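Student: The sequence isn't on hand, but the structure is:
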């Protein structure tokens, strides 16, 4: 058993040492010594711990590094109010998903259509200039971005919809490290318009923030990047003049961003003044539109992870239980967490071995 995996798996369920001790029947002092690498464990007790956590025992043998999030964006003031147990649970789940994806992608070659650049904001002058440079590099056409997820995954980034435990956490992005691809985890509870802006925002972090900088500055730059990436000033300016709520509702399905984002963009481009901006925001609040806008849009379609699962299940010949075993999960959780459709998974209960991924 790898001690850090015991800690990671425990934290992924949001359990304290005392809670795991109660659930598993293994004394808390013993669990503490195990997590600190100061004790060994027999198979019977390890199986009790595994059952309590809902993982196969193989998960405790993984030797992968456990990574922090790196970017100060995750530790923004909105997250500082969250309990440490929630933050640790999210960090553990993100690490485990990254480890699982590394295993799923070992035998699948992903060929990005274009590069994911690393750009110094100061050299380009502003985050908006960086966004324009990325759009040019990726040869995106003028106007709205039809599918932000497809554009971002075209640069080799994998987008994962996940339960991030709190609406205060919109997303987490992780640079590629070693054999791990760059990842963006988005909160599956958020609506499609917010998700699109969030993905563009996290793309901004990946492109601009490989160095350390203050959280407030990084967040402002990522917002500026996302606004220009999704709503280029040269293309949208004329459409935002004298914007009203009715006009924002008409433009939302065209630009596929929130009405609130369109109104904010009009202010940032000096097409409306602060007084008009506040009036529109107050009107949206009075109508209840700050929480649920009256116009909805279809969600983008991240495809890399879904396609990887399809290849394993349909071309490599894995059954769903076999593939769940590869990533050290129980089949029911594997199906739910990765949105595996029953029609895609070809169940073969008679096969009990795993084909090597390489």
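Tutor: It's in. Model, not experiment: these values are computed from the prediction.

Student: The stretch 251-358 of the chain: helices as residue ranges?
Tutor: With helices called from DSSP state H, counting those that start in this stretch, the stretch 251-358 of the chain shows them at 259-268, 274-286, 304-310, 320-326, 331-337.

Student: Just tell me which of these ends up closest to residue 293.
Tutor: helix 259-268 (5.2 Å; Cβ to Cβ). Every residue, glycine included, has its C-beta placed from N, CA and C.

Student: Mean neighbour count added to the helices of the stretch 251-358 of the chain, as JSON lines?
Tutor: Shown next, in JSON lines, are the helices of the stretch 251-358 of the chain (neighbours: other Cβ atoms under 10 Å):
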{"stretch": "helix 259-268", "mean neighbour count": "22"}
{"stretch": "helix 274-286", "mean neighbour count": "13"}
{"stretch": "helix 304-310", "mean neighbour count": "18"}
{"stretch": "helix 320-326", "mean neighbour count": "21"}
{"stretch": "helix 331-337", "mean neighbour count": "16"}
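
Student: Next, the residue of the chain most remote from its centre: phi, psi?
Tutor: Most distant from the centre of the chain: residue 42, at 36.5 Å, with distances by Cα atoms, centre = their mean. Per-residue torsions, residue 42: phi -90, psi 160 (degrees, to the nearest 10).

Student: Roughly how far does it sit from residue 49?
Tutor: 11 Å (Cβ to Cβ, to the nearest Å).

Student: Residue 137 too?
Tutor: Distance, residue 137 to residue 49, using Cβ to Cβ: 49 Å.

Student: Give me the more crowded residue out of these two.
Tutor: Neighbours were counted for residue 137 and for residue 49 using other Cβ atoms under 10 Å; residue 49 has more, 25 against 15.

Student: just checking, that one touches residue 25?
Tutor: No. Residue 49 is not in contact with residue 25 according to Cβ atoms under 8 Å; the separation is 9.1 Å.

Student: Spell out, range by range, the helices that occur in the stretch 1-150 of the chain.
Tutor: Using DSSP H, counting those that start in this stretch, the helices found in the stretch 1-150 of the chain span residues 3-12, 17-24, 28-35, 43-53, 77-80, 84-104, 121-124, 127-137, 148-153.

Student: Of those, which stretch is the most buried?
Tutor: Comparing these by mean neighbour count (mean count of other Cβ atoms under 10 Å), helix 148-153 ranks first with a mean of 23.

Student: Tell me the helices and strands packed up against whatever helix or strand comes next after that one.
Tutor: Downstream of helix 148-153, the next assigned helix or strand under DSSP states H and E is strand 158-162. Using 3 or more Cβ pairs under 8 Å, 6 or more residues apart in numbering; DSSP states H and E as the contact test, the elements touching strand 158-162 are helix 84-104, helix 148-153, strand 183-187, helix 304-310.

Student: switch to 10 Å and redo it
Tutor: On a contact count with 3 or more Cβ pairs under 10 Å, 6 or more residues apart in numbering; DSSP states H and E, strand 158-162 meets helix 84-104, helix 148-153, strand 171-174, strand 183-187, helix 192-208, helix 304-310, helix 331-337.

Student: Now do that strand against strand 183-187, angle only.
Tutor: Counting by axes from the mean of the first three to the mean of the last three Cα atoms, to 10 degrees, strand 158-162 lies at 30 degrees to strand 183-187.

Student: sorry, back to before: relative to residue 170, which of the helices of the stretch 1-150 of the chain is closest?
Tutor: helix 77-80 (8.9 Å).

Student: Tell me which residues of the helix or strand containing residue 235 come out buried.
Tutor: Using DSSP H and E, residue 235 maps to helix 233-240. Across helix 233-240, burial judged by 16 or more other Cβ atoms under 10 Å covers 233, 236, 239-240.

Student: what would those look like in TSV with distance to residue 62 and pLDDT?
Tutor: Formatted as TSV, the buried residues of helix 233-240 follow (distance: Cβ to Cβ, whole Å; pLDDT from 0 to 100):
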residue	distance to residue 62	pLDDT
233	47	98
236	47	98
239	51	97
240	50	97
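
Student: Let me see the contact set for the closest residue to residue 299 other than its chain neighbours.
Tutor: Using Cβ to Cβ, 6 or more residues apart in numbering and skipping residues adjacent in sequence, the residue nearest residue 299 is residue 192, 4.0 Å away. Residues counted as contacts of residue 192 (Cβ atoms under 10 Å, 6 or more residues apart in numbering) are 148, 256-258, 296-300.

Student: Pull up the gap between residue 192 and residue 170, please.
Tutor: Computed as Cβ to Cβ, the residue 192 to residue 170 distance reads 13 Å.

Student: With residue 329 instead?
Tutor: Residue 329 sits 25 Å away from residue 170, going by Cβ to Cβ.

Student: Look at residue 162 and say how many residues are nearby.
Tutor: Residue 162 has 19 nearby residues by other Cβ under 10 Å.
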